[in-house]
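# My questions concern the predicted model and sequence given below.
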Amino acid sequence: MSQRIFLIGLPGVGKTTMGLDLAVDLGLQFVDLDQDIEKAAKLSVSEIFEEYGEAHFRQLEKLHLEKVIDELDNFVMATGGGTPCFFNNLDTMKQSGRVVYINTPIETIRGRLEKDRSRPLMKNHTLNELFEKRKGWYNQADHTIREYKELVKIFS
């Protein structure tokens with residue numbers, strides 16, 4: 001049986017960090033969806049947003065999500081913060097694996113991101129605004145966690 005784990009949540013919650021650790025602990029391949037897109041496009045997410053706009057990025061995101069699901073049976077994926085909120089991406093993830101929402105407190109995220117200028121939506125939106133827009137999708141995850149040890153408990 002395949003094991004596909006999708007980590008969702010706001011930018012800065014620790015999807016990549018926890019995802020890498022979980023992939024190592026479970027012996028699974030790790031996929032960072034944003035990095036996958038950047039590698040294929042030969043542009044950073046910020047550059048894609050600037051040159052082609054968010055709508056184009058969201059199309060790429062959907063295509064890469066589906067491509068990974070089609071090509072790999074076992075993986076841990078750190079999605080982009082908005083991935084579950086567009087098209088039918090959340091349904092796609094839930095139908096092909098388990099979705100875990102990393103619900104890190106906003107103040108913790110703010111501390112992590114205050115010097116990070118690489119996140120395009122953070123230029124025009126506050127964390128609170130993004131959270132309000134996205135929480136309905138995030139709350140549909142199969143599991144909600146705050147700490148890595150909770151994540152390990154789910155999959156051990």
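Structure's in. What do you need?
# who does the closest residue to H143 other than its chain neighbours bridge with?
Across the structure, with Cβ to Cβ, 6 or more residues apart in numbering as the measure, the residue nearest H143 apart from its sequence neighbours is V100 (4.7 Å). C-betas here are computed from N, CA, C, even on glycine. On the basis of DSSP bridges, V100 takes part in beta bridges with L7, H143.
# surely V100 meets R146?
No. Proximity of V100 to R146 does not meet the contact threshold set by Cβ atoms under 8 Å, at 11.1 Å.
# More neighbours: the two, which one.
Each of V100 and R146 has its neighbours counted (other Cβ atoms under 10 Å); V100 has more, 25 against 15.
# Spit out the contact partners of that one.
Contacts for V100 (Cβ atoms under 8 Å, 6 or more residues apart in numbering) come out as 5-8, 141-145, 151, 154.
# in the protein, which helix or strand is least confident?
The helix or strand with the lowest mean pLDDT-type score in the chain, counting by mean pLDDT, DSSP states H and E, is helix 106-113 (a mean of 88).
# list the helices and strands that one packs on?
The contact analysis (3 or more Cβ pairs under 8 Å, 6 or more residues apart in numbering; DSSP states H and E) places helix 106-113 against helix 127-138.
# Does I5 lie in a helix or a strand, and which?
strand 3-8 (DSSP states H and E).
# Report all helices and strands that the next helix or strand after that strand contacts.
Remark: after strand 3-8, the chain's next helix or strand is helix 15-26, criterion DSSP H and E. Judged by 3+ Cβ pairs under 8 Å, 6+ apart, helix 15-26 is in contact with strand 3-8, strand 29-32, strand 74-78, helix 148-155.
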